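Peer 1: Sequence isn't available, so here's the structure alone:
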C-alpha cells in the first residue's frame, strides 16, 4: 500500500507530533511518504527521524500542483492523506490526477484555527472549509472532534476516529527536577508544588483562567507555583497579567522547552486549560511521568480522564473550580501519586503509539475496501426503521444490536437509519440517518439499498395510535415497491384493533415482507390469527439480549458516582407515565418503603427513557419515607445491563428493563401496561407479572417477598439460565437477514 501524506509544513504542537510519530511508525508496514509545502522545523525534524519526505517550496497552488504531479509521476498511489488547510487544498487538486480516495485528519476545530487572525481566517480558513467538503473520508482526532464534523453536516459513515498515541516503551532519562527548574528560571524552594502546562500562548489555550486560579489557590497554599512551557502572541499580555495579579514571583514563563520529558518530570501537576481541543498530546505526554492531571472539559479529555478517579475535569473558563482542584492536589501528595499512577495505567493501555498505528492501518484498509465496493455496485446497503431517536434505552439497544449483527455479516455495508433525532444516531453509531418523515430522502435511500429492516420493538400495533401503525405499514410497502428485500427483525406484533386495520396488516405483510422473526410466542399467535402466512416466519427473541454488558469497573464507577455501594442491596424500579399510573403511585411508594424497612433494600429509580421516566419516579418518591436514588443521566444500554446486575430485584414497567435485568438473573416483577410485558415474561418462563390496572399495595408487597426468595446466587443462576435460552434462539434474527442478502462474492 502506498500513501502520500500532504501537509503545509508550518504545523506545531499536537498536529506536528501526531504526523511525525505516525509516519515514522507507518513505514514499518506500508510505503508512506510525506510531501511538505514549506521548508522549516517540521521538514527538518522529519528528515532527522528518517521519514521519506519531499519539500515543494511554493506558495502558489498552481505551481505546487505542477510540482506535485511531477513528483508523483506515474506511481500508483492508493490513498492521499491530507493534514491541515494547505494539505486539504492540494489533496483535492491532485485527486483526479491520482485517481485515489482522499482522506484528511482533522487535528483541531478548523473554525478556531485562525482565532485572533482575521485575515488568515478569511483566506486560509475559507479555503479550508471549501476543501474539506470535497474530501472523501475524514479522521477526527477524538470522538468529540468527530461529533463536531457530524454536527456540521459531514457524512457520518465516512468519518473515522483516531486518538493521539505516544511511545510508552522507550526509556526516558530526564534531567533531575531541581536542575531542570533552575535551567528554565523557576524560583523553586524545597516543599514547593509545581503545577505545569505545555501550551501555545494564544487565546484558545485560555491561560488567563489558569493565572486567576493560581492566584486563588496560592492564597491558601503559598507553596503552589506555576511553570508554563510555550510561546505565542499572548506572552507579553500574560506576563503583565501575572504582575497585576501579584503572582509574578510564583509564575515562570519558560518559553519553548526542547526537553519536554524533563519538564513533565519536574512538575507535580499537569494542566490543560483550553477552550477547544481534540485530544491533546499535552495530556498523554504527562502521563508517561505519572503526573496527576487537571484538564478542561474539551474534546477527548473525558475519554482519558475519569473525573475524580484518575484526574480532575473542570468546565472551561471556570477559575473557581480549577482553583479548588489545584488546592486539593497541591495539599495531598498521596492523591497526586494515586491519580498519576491510575492515569498512566489507562493511557499506556489505550493511547500508545502502537495502538495509534494499528488504528490508522485499519482505517486505510477500510477506505480501500469501501472505495472499491462503491465503484462496483449500484445498489448496496440497508435501511433500518424503528422507534429510534426518542431517548429510549430499550430502542437504542435494539438498534445497536441490529447494526452490530448486520456489520458482522458485512462489515462495510452502508446503513441508513430512519429516526427522530438523526444527529444522535449519527454520532453514536456512525451510520447515515434520515428524519423519520422526510419522504424524499427515505425514497432515495430505499432506491439505493438492497435491504429494508423493520427493526425490532412492537411497531405493528395501534395501541399508541393508528398513525403509527399506518406509517410502519407504509414504509414496508414502499420498500418492497422500490426493490428492497424486506425483513421484520425480532419484532412484537399487536395489539391491532379494528377489522380494517387487521385486514390492512394482513395485506401489507403478505405482499411486502419476505421474512419475519418474532421475539415471543404471543406475536406468532397474533399473526396466525390475522392470516399472515406468506412471509417466512420464525420464532426468535429480542435483539437486545445479545448486547454484552459493559466492563464491571464502569458499572462500579457509575454506582460510586451516584453514591451507591456494590456492597449494599437495592430494589430497582423502572417506571413510566401511562394511563392510570398516577393512581398507583402510593402503592409503589409503599412497596419501596416496605422493601427498605423489612429487607434493607434501598429503592433505586432508573429512567430508561430520560425524557419521561423521571417524572414517574418523582411522582412516587413524593409519598416515600425511605431514602432513595434516582438514576436519570444518559447511559449506554451495555452500561445499564451491568448496573442492573447489581440490583437485588427489579420492578419494571419497561420491557427492556426486564430484558436487561434477565441477563444477570435478577428476580423480576413486570408491571404490564401493554401485553408485551406479560408476553416476554411468559416466553422467559419466570418472573411475576401484574397488570397496571390491578396493582395494589398488597400485591406489590407479595411480589417483593417472592423476589427476595430468589436473591441467593444459586437461585439467580437458575433465573439467568432462562435468559441464556432466549439468547441462543436470537441468532435466528440475523440468519433471516443473511438469507436475503446476495452471497459475498456477488456483493
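Peer 2: On my side now, so go ahead. Being a predicted model, the structure only gives us computed values, none of them experimental. Residues are numbered from 1 along each chain as shown.
Peer 1: switch to C-alpha atoms for all contacts and neighbour counts from now on
Peer 2: OK.
Peer 1: If I look at the residue positioned nearest the centre of the chain, what pLDDT would I see?
Peer 2: For the chain, the residue nearest the mean C-alpha position is residue 428 (5.5 Å; C-alpha atoms, centre = their mean). Note for residue 428: predicted pLDDT of 92.
Peer 1: Could you pull out the buried residues of the helix or strand hosting it?
Peer 2: Element membership for residue 428 (DSSP states H and E) is helix 422-429. Buried residues in helix 422-429, counted by 16 or more other C-alpha atoms under 10 Å: 422-427, 429.
Peer 1: Please name every helix or strand in contact with the helix or strand following it.
Peer 2: Next helix or strand after helix 422-429 toward the C-terminus (DSSP H and E): strand 432-435. Under the contact criterion of 3 or more C-alpha pairs under 8 Å, 6 or more residues apart in numbering; DSSP states H and E, strand 432-435 touches strand 415-419, helix 422-429.
Peer 1: 6 Å - rerun?
Peer 2: Packing partners of strand 432-435 (3 or more C-alpha pairs under 6 Å, 6 or more residues apart in numbering; DSSP states H and E): strand 415-419.
Peer 1: Give the pairing partners of the strand it packs on; include direction for each.
Peer 2: According to DSSP bridges, strand 415-419 has the following sheet partners: strand 382-385 (parallel), strand 432-435 (parallel).
Peer 1: wait, which of these is closest to residue 279?
Peer 2: strand 432-435 (25.0 Å; C-alpha to C-alpha).
Peer 1: what comes into contact with the closest one?
Peer 2: Counting contacts by C-alpha atoms under 6 Å, 6 or more residues apart in numbering, the residues outside strand 432-435 that touch it are 156-157, 416-420, 422.
Peer 1: Out of those residues, which comes closest to residue 590?
Peer 2: Of these, the one sitting nearest to residue 590 (C-alpha to C-alpha) turns out to be residue 420, at 37.3 Å.
Peer 1: what sits up against the helix holding residue 428?
Peer 2: Taking C-alpha under 6 Å, 6+ apart as the rule, helix 422-429 contacts 147, 156, 433.
Peer 1: Ranking by neighbours, what's the top pick from these?
Peer 2: The residue in those with the most neighbours, by other C-alpha atoms under 10 Å, is residue 433 (29 neighbours).
Peer 1: pLDDT averaged over the helix or strand containing residue 700 - what is it?
Peer 2: Here residue 700, judged by DSSP H and E, is contained in helix 697-708. Throughout helix 697-708, pLDDT has a mean value of 96.
Peer 1: picking that back up, I'd like the strands paired with strand 415-419 as a markdown table, with distance to residue 163 and mean pLDDT appended.
Peer 2: A markdown table is the format used below for the strands paired with strand 415-419 (distance: least, C-alpha to C-alpha, whole Å; pLDDT from 0 to 100):
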| stretch | distance to residue 163 | mean pLDDT |
| --- | --- | --- |
| strand 382-385 | 29 | 96 |
| strand 432-435 | 23 | 96 |
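Peer 1: Select, out of the ones you listed, the one closest to residue 710.
Peer 2: So among the strands paired with strand 415-419, strand 382-385 is nearest, using C-alpha to C-alpha, at 38.4 Å.
Peer 1: Now do the helices in the stretch 551-700 of the chain.
Peer 2: For the stretch 551-700 of the chain, the helices defined by DSSP state H, counting those that start in this stretch cover 552-561, 585-599, 613-621, 637-644, 655-662, 675-684, 697-708.
Peer 1: Mind checking these for the one nearest to residue 212?
Peer 2: So among the helices of the stretch 551-700 of the chain, helix 552-561 is nearest, using C-alpha to C-alpha, at 29.0 Å.
Peer 1: that older thread, residue 537: which of the helices of the stretch 551-700 of the chain is closest?
Peer 2: Per C-alpha to C-alpha, nearest to residue 537 of the helices of the stretch 551-700 of the chain: helix 675-684, 17.1 Å.
Peer 1: List the buried residues of the closest one.
Peer 2: In helix 675-684, counting by 16+ other C-alpha under 10 Å, buried: 676-684.
Peer 1: quick one: residue 509 from residue 473, how far?
Peer 2: For residue 509, the distance to residue 473 equals 8 Å [C-alpha to C-alpha, to the nearest Å].
Peer 1: ok, these two, which is more surrounded?
Peer 2: The neighbour comparison of residue 509 against residue 473 (other C-alpha under 10 Å) goes to residue 509, with 23 against 20.
Peer 1: pLDDT value on the more buried one, please?
Peer 2: Reported pLDDT for residue 509: 98.
Peer 1: ok, it - contacts?
Peer 2: By C-alpha under 6 Å, 6+ apart, residue 509 lies in contact with nothing.
Peer 1: Just want the phi and psi numbers for it.
Peer 2: Backbone torsions for residue 509, taken as degrees, to the nearest 10, come to phi -70, psi -40.
Peer 1: Include distance to residue 68 when you put the helices of the stretch 551-700 of the chain into TSV, please.
Peer 2: Compiled in TSV, the helices of the stretch 551-700 of the chain are given as follows (distance: least, C-alpha to C-alpha, whole Å):
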stretch	distance to residue 68
helix 552-561	49
helix 585-599	72
helix 613-621	59
helix 637-644	49
helix 655-662	57
helix 675-684	64
helix 697-708	73
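Peer 1: now the helices for the stretch 1-150 of the chain?
Peer 2: All helices of the stretch 1-150 of the chain, identified by DSSP H, counting those that start in this stretch, fall at 13-26, 41-48, 61-72, 84-98, 118-120, 126-133, 143-151.
Peer 1: Now mean pLDDT too, for these, in JSON lines please.
Peer 2: Below are those laid out as JSON lines (pLDDT from 0 to 100):
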{"stretch": "helix 13-26", "mean pLDDT": "88"}
{"stretch": "helix 41-48", "mean pLDDT": "92"}
{"stretch": "helix 61-72", "mean pLDDT": "92"}
{"stretch": "helix 84-98", "mean pLDDT": "92"}
{"stretch": "helix 118-120", "mean pLDDT": "68"}
{"stretch": "helix 126-133", "mean pLDDT": "88"}
{"stretch": "helix 143-151", "mean pLDDT": "91"}
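Peer 1: Can you check which of the ones you listed gets nearest to residue 635?
Peer 2: helix 143-151 (16.4 Å).
Peer 1: what comes up buried for the closest one?
Peer 2: Here helix 143-151 shows 143-147, 149-150 as buried, counting by 16+ other C-alpha under 10 Å.
Peer 1: Right, I'll leave it there.
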